[in-house]
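**Q** Below is the sequence, then the predicted model.
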Amino acid sequence: MTHSTIILAAGKGTRTKTKTPKVLLEICGYTLIQRVINTALELNPDEIVIVLKHEADEIREHIEKTFSKNPNIKKIKFAIQSDIPGTAEAVKNGLSELQPDAENILVLSGDVPLISKETIQNLFDINYSPVKLLTTNYDNPFGYGRVLRENNVADKPVPVKIVEQKDATPDQLKIKEINTGIYVFNKDFLKENLENIDTNNSQGELYLTDLIELAYQNNSPAEILNLESNKSYEVEGVNDLVQLANLSKIRQIQINEMHMRCGVLITDQTRTYIEEDVQIGADTKILPDCYIMKNNKIGSNSMIGPMSYIRPNNIIGDNAKIGAYVEVKSIELGDGSKVPHLSYVGDATIGENTNIGAASIFANYDGVNKHHTTVGSNVRIGSDTVIIAPSVIEDNVYSGAGTVIKGEVPKNSLVISENRMKIKENWTKENR
């Protein structure tokens, strides 16, 4: 069964109160729209059309940059929603960009970031109907469209219609089953019936949800997959920053648990932040208050933290250590090497069994460009050393405390800065 996907991302997102477009807000290193596209691609669609309107250029630029190295980038297309409001119009605009081959159309929302491949596949797999609808039950369903079934009996299989919050009667507002905005449509049914939707509602919009009632009236009612309540976070949308934080916490727990099940010792997962695309070897210990960003690889039996900031693009070897109040960025740290505390290391390659003393700084930026530093194996960098890039420090070098290093230091050397301590005796407040 072939299918294409339409992702709705045309909303203005004013409730977040941010200048950043809502779908470009992040959860654990991925933007909302990136997460939805990733999930859609896992299902191998023929094409994906992303429907945009507000901040369309910024969102499109982000998507094209993010997926530029992904071979599936050729599947991603864009459509601009017309000035006619409503989700049905958005789907119609997306449909116009699709090739005619796909049998079915999956509709997703760009601000529902944690929907899983497995749930969508289960939606595809339910009995045949021109409309398949994903629902769930909320104790507090305020703001969501309610699913009306025959005779208003919840366990009846046939959905009659979806009524939006603003159009619902008091009795309908008591219904706890809600529409998630995730559908699978037969393409022929979708194309034919989009033309039969009107704006006779409190919003004056073209509601995609009206297709549920049209299917019922045509004696081909929608099939429903009701997502169990313990997975309802999968269909929660991000309308404000509170919801963003809540979903971020859920995803963070999932990431941490994944690493722990692979043998990573996270001593306090509620105080450990690890983004996507991080590899950590077994028996590595992560101490509290660490922030490990995406695109990092950490070896086995190493230690990170406490209070370490691991920025992107680091390769940290086995039996290594990144200690307290250490920030690293774009480094390769060899097996057995340590940056124990109070240091910044950026744009560097460090060999094996090297120790970087406390409060040392790799000065990698000259005000215009970033530069790289290479440090060999079995090196001992004294406390409060500043290494000005580009520099090369060969094997078995020692530096004294407070040294400034710039340029090349040959192997088996001691490097110090001649800044000697002086003592003036009998120094009193009066002769200062």
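**A** Cool, got the structure. Residues are numbered from 1 along each chain as shown.

**Q** Which neighbouring elements make contact with the longest strand along the chain?
**A** Longest strand in the chain, counting residues (DSSP state E): strand 177-186. Helices and strands touching strand 177-186, by 3 or more Cβ pairs under 8 Å, 6 or more residues apart in numbering; DSSP states H and E, are strand 104-109, helix 117-125, strand 131-137, strand 146-149. (Each C-beta comes from the backbone N, C-alpha and C, glycine too.)

**Q** List the buried residues for that strand?
**A** For strand 177-186, a neighbour-count test (16 or more other Cβ atoms under 10 Å) marks 177-186 as buried.

**Q** Pretty sure Gly305 sits against Pro288.
**A** Yes - between Gly305 and Pro288 a contact is recorded at 6.6 Å, counting by Cβ atoms under 8 Å.

**Q** So those two - more neighbours on which side?
**A** Neighbours per residue, other Cβ atoms under 10 Å: of Gly305 and Pro288, the larger number sits with Gly305, 26 against 14.

**Q** need the contact list for the closest residue to that one other than its chain neighbours.
**A** Spatially, and ignoring its direct neighbours in sequence, Gly305 is nearest to Leu287 (3.3 Å; Cβ to Cβ, 6 or more residues apart in numbering). Leu287 is in contact with 267, 303-308, counting by Cβ atoms under 8 Å, 6 or more residues apart in numbering.

**Q** Redo those as a markdown table? Include pLDDT, secondary structure and distance to Asn218.
**A** Shown next, in a markdown table, are the contacts of Leu287 (pLDDT from 0 to 100; DSSP: H, G, I helix; E, B strand; the rest coil; distance: Cβ to Cβ, whole Å):
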| residue | pLDDT | secondary structure | distance to Asn218 |
| --- | --- | --- | --- |
| Thr267 | 97 | coil | 59 |
| Met303 | 98 | strand | 64 |
| Ile304 | 98 | strand | 59 |
| Gly305 | 97 | coil | 60 |
| Pro306 | 98 | coil | 62 |
| Met307 | 98 | coil | 62 |
| Ser308 | 98 | coil | 60 |
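
**Q** buried subset of those?
**A** The neighbour count (16+ other Cβ under 10 Å) marks 303-308 as buried among these.

**Q** okay, among these, which ones form the most distant pair?
**A** Farthest apart among those by Cβ to Cβ are Met303 and Met307. That separation is 12.6 Å.

**Q** got a pLDDT number for the residue nearest to Gly305?
**A** Looking at Leu287, its pLDDT reads 98.

**Q** same check, this time on Leu247
**A** pLDDT, Leu247: 98.

**Q** Ser232 versus that one, what's the distance?
**A** Relative to Ser232, Leu247 is positioned 11 Å away (Cβ to Cβ, to the nearest Å).

**Q** between those two, who's got more neighbours?
**A** Higher neighbour count among Leu247 and Ser232: Leu247, with 22 against 15, using other Cβ under 10 Å.

**Q** Quick check: which helices or strands does the helix or strand containing that one pack against?
**A** Leu247 belongs to helix 241-261 when assigned by DSSP states H and E. The contact analysis (3+ Cβ pairs under 8 Å, 6+ apart) places helix 241-261 against strand 26-27, strand 265-266, strand 272-274, strand 278-280.

**Q** rerun that using 7 Å as the cut-off
**A** If you count contacts as 3 or more Cβ pairs under 7 Å, 6 or more residues apart in numbering; DSSP states H and E, helix 241-261 packs onto strand 26-27, strand 265-266, strand 272-274.

**Q** can you pull the buried residues of that helix?
**A** Neighbour counts over helix 241-261 (16+ other Cβ under 10 Å) mark 244, 247-248, 251-252, 255-256, 259 as buried.

**Q** cool, and stretch 43-59?
**A** 45, 47-56, 59.

**Q** What are the contacting residues of it?
**A** 2-12, 21, 23-24, 33, 37, 40, 60, 63, 75-81, 90, 93-94, 97-99, 101-102, 106, 117, 120-121 (Cβ atoms under 7 Å, 6 or more residues apart in numbering).

**Q** let's see it at 6 Å
**A** Outside stretch 43-59, the residues that touch it by Cβ atoms under 6 Å, 6 or more residues apart in numbering are 2-10, 12, 21, 40, 75-81, 90, 93-94, 97-98, 102.

**Q** Sort out for me which of the residues you listed are in strands.
**A** Using DSSP E, those in strands are 3-9, 76-80.

**Q** top of those by neighbour count?
**A** Ala9 (31 neighbours).

**Q** Distance of that residue relative to Ile76?
**A** Computed with Cβ to Cβ, the distance linking Ala9 and Ile76 is 12 Å.

**Q** swap in Thr20?
**A** Distance from Thr20 to Ile76, by Cβ to Cβ: 21 Å.

**Q** what does Gly305 give?
**A** In terms of Cβ to Cβ, Gly305 sits 38 Å off from Ile76.

**Q** Could you list the low-pLDDT ranges of the stretch 151-300 of the chain?
**A** The stretch 151-300 of the chain contains residues with pLDDT under 70 at 152-157.

**Q** at 50 instead, please
**A** Residues of the stretch 151-300 of the chain meeting the criterion pLDDT under 50: none.

**Q** check which helix or strand covers Lys191.
**A** Going by DSSP H and E, Lys191 is part of helix 187-194.

**Q** got the domain boundaries for the protein?
**A** 3-235, 241-415 (automatic domain parsing).

**Q** how long is the first one from one end to the other?
**A** Right, the one you point to is domain 3-235. End-to-end distance for domain 3-235, by Cα to Cα, to the nearest Å: 21 Å.
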